[in-house]
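In: below: sequence and its predicted model.
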Amino acid sequence: MTSVNSISIRLKKALAVLVMVVLVTACREKFEADLPSPATGYLIVEGIINVGDEAVTMIKLSRTTPLDSRAVTPENNAQVFIEDEQNHQYELALSDSGQYYSQPLDLPVNVRYRLHVIADAKEYYSGFTDTKIAPEIDNLYWEPKTDGIEIQLDTDDPLGNSRYYYWNFTETWEYNVPYFAVLKYIQASNTVDYRGAGDPEIFKCYHTLESSSIVIASTAKLSQDLVFAKPITFVSATNTSKLVNRYSIIVRQSVLSKDAYEYFERMKKNTEQTGSIFDAQPSQLRGNIKCKTDSSEIVVGYISTSSITEKRIFVSRVELPAFNHMNPFSACMLDTVKLHPDSLREAFYYGSNLPIDYWTNDAGIRNGVVGSASFCVDCREQGGSNVRPSFW
Amino acid sequence: MKRIINTFLTGCILLCCNLCGQGQTKGISGDYKQIRLPQLLKEIQKQTDYRLFYDPQKLDTLAQNISFDNQSIEKVLTKAFAETELVFSIDANKNIFITRGQAVKTTLPQGFLPAPGRVTAAAGQRPIDDLDAEEQDANRARAVVDNRLYIIGDKNQPASGNITVTGYVRDAKSGEPVIGASVYIDKPRVGASTDQYGYYSFQLPRGRYILNVQSIGMRDARRQIQLYSEGKMNIDMEGQVLSLKRVVISAAKVNNIRSTQMGVAKLDIKAIKQIPAVLGEVDLLRAVLTLPGVKTTGESSTGLNVRGGSVDQNLILFNDATIYNPSHFFGMFSAFNPEVVKDIELYKSSMPARYGGRLSSVLDIKSREGNKKKFTGSAGLGLVTSRLNIEGPLIKDRTTFMAGVRATYSNWMMKFLPDEYENSRAGFYDANLNVTHEFNKKNTLFITGYMSGDKFNLNNDTTYGYSNRNLSLKLKSIYSNKLTGVITTGYDEYNYDISSDNNPYNAYKLNFSIQQYYFKANFNYYINNKHALDFGFNTLYYKLKPGALRAVGEQSIVIPETVSQEQALESALYLSDKFNVNDNLSIEGGIRYVLYNYLGPQDIRQYAPGVPRTVDNITDTISYGKNKNIQNYGGAEFRVSARYSFSDAFSIKAGFNSQRQFIHMLSNTAAMAPTDIWKLSDPNIKPQYGEQYSLGLYKNFKSNTIETSVEVYYKNIRNFMDYKSGAVLIMNPHVETDVLNTKGKAYGVELLVKKSTGKLNGWISYTYSRILLKLDDPIAGENINQGNWYPSSYDKPHDVTAIANYRFSHRVSVSLNSTYSTGRPITVPVGLFYYAGSLRTLYADRNSYRIPDYFRMDFSMNVDGNHRVKQKVHLSWTFGVYNLTGRKNPYSVYYISENGVVTGYKLSIFGAVIPFINLNLKF
């Protein structure tokens, strides 16, 4: 991160800590102001026109919502086009809610592009922006910190054309439940039976999380276009289960124009770095997308044109220093249920407990079933997927 | 009867110090020129065998020409005392008692003496139960001085019209000047108050008068004067030992009615110390915040907003030196050592013509002078800082010094930080040195130095440091009884630096500094009782380094960059006249002509006219050479105020002021931050201009012990700075593209009821005030709140403050401070949007919501050790509780995106009951 741009950010961090801790008494508590919240419904346009080889451009459209709704309102009834200065048009199609995808394109990099959106009978255009080529990510690695690791990144552009970088990332981590179940409960017959090859994997799962903060950097004030040890994200060992088994992160890098960089910097200040004593007043955001018929209409977002490069790393628990790892299963306990229909029904019928194995007495006779709470037995209960990702 | 007894007692005391002469009875002869009485009496004594008894202190100081030719003692004395009130009596044993007014009876009435032999001084005088011996001595000495007749001038000089009397009023114990003492005679009611050097001057016709001197915290003094021609009368006042903790706020008792000034508030250090403070750190600026019309954005800040002015519109003077950053610890504490400060005066309306350069107020902080008589000191221990202060004479009665140091040991507080911040450090200090040298009665030199420094480092990453350095030399001269002058010159500096070496490639250091050199000459010319002139000349040379960024370490690839240095000259010529039209009406009119020159070398960007100022619209850049005059601004400023008093206890005042400001603090944060930069006016950034109209009614009750006032004001401000959304202020070589010129208007009513004496004292004030801004800059490129008026971030319409002190005994007093104000406006989201994986807040209009109202109550208790004057070390304790009700007053309400969701928070700075303790030693 560039020195000067980071000054105020760091100062704020410093002061937040200073005030909260030094004066012990400073406190922050959740508070919902009773604010008038008009149903704004302004258009939000997010995405990057991707000029890579066979690249798919994805643009997300949604609408602003009142403060009290806290819900995402996708815009599913729009037409979205990429246009260049020579009037070529490439249409994007709605695939998921509010997400519009292009065909794999090989957009020439020597022309400028803009985005054209028709929504709610209004036409919106982004400005034509310079096409940027993102350099490769040189290194992606982690550094141990207190109670976790920090993912850091090095990149450089020997030509010095990049200067303003934008990253997003996807984290994936593997975890397993403490008990490996060999049994399954069959509701229809109120019995237990051994799990077979057709039964889903429930011991080991993969959790995926998209980045939710804006990560940008500028090298404009440096003599080389070099980003060194840029912190991408902090992975906590104690507050999350990300580092319990094995962790992976893919970081995608693109390049912004100066204006786009300033836009995202301001958005970050307004929404992620506000609230300390010396925060700049939140301010209005003006992106590069305008409504054709009413240029004063608020449109959120900034469309840039860039290629996207990416890099993935894996981190296994054995590589890590001894952290005070979070144990998400500390509450798990085994229980034994008699092999009696009434007991089985009571224990497993409603799904809150799952069987693990038979319980056998000293004489080798099965006289019970060992079970536990379902979230201790089925990893999917923790929100992950049992499908092993292709890159794993 | 009392008088007789006093006279008699004096006679008795004289028994101890008689002048025993031996010799034959004979006539007395001699011819003496310009001889004073004590000398003359010694001469007489030599020639006779009479024994003369008198108190040398009571003899008049008149020098006379006198000759005797073998005359009898009675005749000689009668002649010698002709011009005085002295009388004498001779007893059978050839003892002569010389007394004032009443002759000593040489025989006593039967049974007067309680017992034959020694007569004690205490007999019948007054109840003495509560007085110790020292007190009695003091009373006696005072009585003596009060009764003595002082002759001023030469009686042989022909008297014509009014005669000017001048002099200094000083503290008898420390020799320090007594500021703001009123010196007056009752009939006719003529008087003056002493200036900051304790100097006074006024005019009277020839004659005999009783001069009364009153000042806060001092015993009232009286002097009998016989005025013949122009002369000096220096007065030593005694401190009021018994009421160490008496709280008196604002200037002298009747001053609020009689002075022409409005919107002036004065707090002396005793009063300031009584106000309960955060963590017990006596804080000057927070004390000022209790005054009506003074606000701040929040508790973390000591930045003052006076009558709707912004923080940078206050001229903060510490012994004439401009202090650019008056705070420590990012604004938590103010940067002035309370042990060094004597008093502070805030001008929020009638700014005297000698001050200029800031729009909304002048905060004049004066430090004490060192003790002239002996070495003393004080030390204090608090939760945050320790203080040490020593003072004393370098050359007795001529040269004194005072040195004070304050330092924090707040590193201990870092222990409360989470482990990841274990390497964090914070600290600050401030140091003062004052030297005063009296060349002679007419010329005194004051040298004052001030330094403060702050450093904060977060986990060995980024280090913030800032400091003030000030030095001033001031020569106060009395050219004649009517003309006095003060010549001041000095150097002020403020700088900060930010550095980081965490990432070797990005390691940098950023510096910012302001330096200024100034010269001021101020003269007071007292024409007569009707006119007094104040005139002079100021010049100030600014050198501002807006930012220098450099790489630190070999690996760093930071490009060194410097925003070019700015320089400017601000000069002013002023004249004001205080015209007492008659006893009821007084007018003070001042004019100040300011001239500002923005000087080269500099590159000035030209923007295409009529379009927004952006980098794209730069049409040309003109380079100017060194010291080339690039741009002039200037004009006349007016300072007018008038007072009409209907009675001694009721007056009405009105005033008008205009000001210009050429240096601006650029800050888009709510509180004053240590990274705020200052900018000089240049061709693209116009000076700020403000004018204020005010009107006030003042009424005192119960013989001036209860003061009430109502003041109303209206202010216009032009070229008030506001900022574009997302403005970049640090290291911006074309900062004019990020600022906006707005128009401001502020108005308000301030009500005050104050009781300054008695066991229960204090004040209640209510303020209604607004400050509204409007963007009407056609080339702004964006509009704020659709071009409508919007409140500034410190607009808090209602404010009630009550300060009550109660003295249980001379050793124990308590204070209760309560304050309520409307919540400040903040910018809040109007909606939400989802972007970059998170819900985020959408902002539209500025300052459209108010945070919940503010209420706080503080309590403190002062316990002094005993009050023996002669004791070596005096101890005192202050205990207290800040925020007694523990109310979590919000500093801000904000919404933040965390892990994909938006959460609203309320931040309180001192949101709990905070007890404190402070120990002070005086030696």
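Out: That came in fine, so what should we check first? Not measured: the values here are computed from a predicted model.

In: okay, now B:Ala572: neighbour count?
Out: 23 (other CB atoms under 10 Å in any protein chain shown). Just so you know, the C-beta spots here come from the backbone N, C-alpha and C atoms, and that holds for glycine as well.

In: go ahead and confirm it touches B:Phe537.
Out: Yes: B:Ala572 is within contact range of B:Phe537, at 7.2 Å (criterion: CB atoms under 8 Å).

In: tell me the spacing between A:Ser316 and chain B.
Out: Separation of A:Ser316 from chain B (CB to the nearest CB, to the nearest Å): 24 Å.

In: now that residue: closest residue in space that isn't a chain neighbour?
Out: In space, and not counting its chain neighbours, A:Ser316 is closest to A:Arg246: 4.9 Å by CB to CB, 6 or more residues apart in numbering or on different chains.

In: ok, the one you found - contacts?
Out: Neighbouring residues of A:Arg246 by CB atoms under 8 Å, 6 or more residues apart in numbering or on different chains: A:Trp173, A:Glu174, A:Phe314, A:Val315, A:Ser316, A:Arg317.

In: repeat that with 10 Å
Out: Neighbour list for A:Arg246: A:Thr172, A:Trp173, A:Glu174, A:Tyr175, A:Tyr206, A:Phe314, A:Val315, A:Ser316, A:Arg317, A:Val318, A:Glu319, A:Trp392 [criterion: CB atoms under 10 Å, 6 or more residues apart in numbering or on different chains].

In: just the buried members of those?
Out: Those of the contacts of A:Arg246 that meet the buried threshold are A:Thr172, A:Trp173, A:Glu174, A:Tyr175, A:Tyr206, A:Val315, by 16 or more other CB atoms under 10 Å in any protein chain shown.

In: so how far is the longest strand along chain B from its chain's centroid?
Out: Secondary structure of chain B per DSSP state E: the longest strand is strand B:531-551. Distance, stretch centre to chain centre, for strand B:531-551: 21 Å (CA atoms, centre = their mean, to the nearest Å).

In: give me the buried positions along the helix or strand just after that strand.
Out: Once strand B:531-551 ends, the next helix or strand along the chain (criterion: DSSP states H and E) is strand B:561-563. In terms of neighbour count (16+ other CB under 10 Å), strand B:561-563 has its buried residues at B:Glu561, B:Val563.

In: flag every buried residue along the helix or strand containing B:Phe855.
Out: Per DSSP H and E, B:Phe855 falls inside strand B:854-864. Residues of strand B:854-864 classed as buried by neighbour count (16+ other CB under 10 Å): B:Tyr854, B:Arg856, B:Met857, B:Asp858, B:Phe859, B:Ser860, B:Asn862, B:Val863, B:Asp864.

In: pick the one among those residues closest to B:Leu884.
Out: The closest of the buried residues of strand B:854-864 to B:Leu884 turns out to be B:Met857 (CB to CB; 4.4 Å).

In: buried residues, stretch B:430-450. List them.
Out: Quick answer for stretch B:430-450 (16+ other CB under 10 Å): B:430-438, B:444-450.

In: tell me the contacts of the nearest residue to B:Glu691 once chain neighbours are set aside?
Out: What sits nearest to B:Glu691 in space, not counting adjacent residues and going by CB to CB, 6+ apart, is B:Ser658, at 4.3 Å. Residues near B:Ser658 by CB under 10 Å, 6+ apart: B:351, B:356, B:359, B:592, B:635-640, B:689-692, B:716.

In: for B:Val213, name its beta-bridge partners.
Out: Taking DSSP bridges as the rule, B:Val213 bridges to B:Val183, B:Ala221.

In: hmm, I was thinking of A:Thr305
Out: A:Ile49, A:Thr131.

In: next, count neighbours for it.
Out: Neighbours of A:Thr305 (other CB under 10 Å): 29.

In: separation between it and chain B?
Out: Following CB to the nearest CB, the distance that separates A:Thr305 from chain B is 18 Å.

In: pLDDT score for that residue?
Out: pLDDT recorded at A:Thr305 is 95.

In: does it touch A:Pro108 like I think?
Out: No: the criterion here is CB atoms under 10 Å, and A:Thr305 misses it with A:Pro108 at 11.1 Å.

In: common neighbours of these two, please.
Out: A:Val51, A:Asp84, A:Thr131.

In: out of those residues, who's the most crowded?
Out: A:Val51 (25 neighbours).

In: assign the residue nearest to B:Thr737 when sequence neighbours are not counted to helix, strand or coil.
Out: Spatial nearest neighbour of B:Thr737, excluding adjacent residues (CB to CB, 6+ apart): B:Arg613 at 5.0 Å. Per DSSP: H, G, I helix; E, B strand; the rest coil, the secondary structure class of B:Arg613 is coil.
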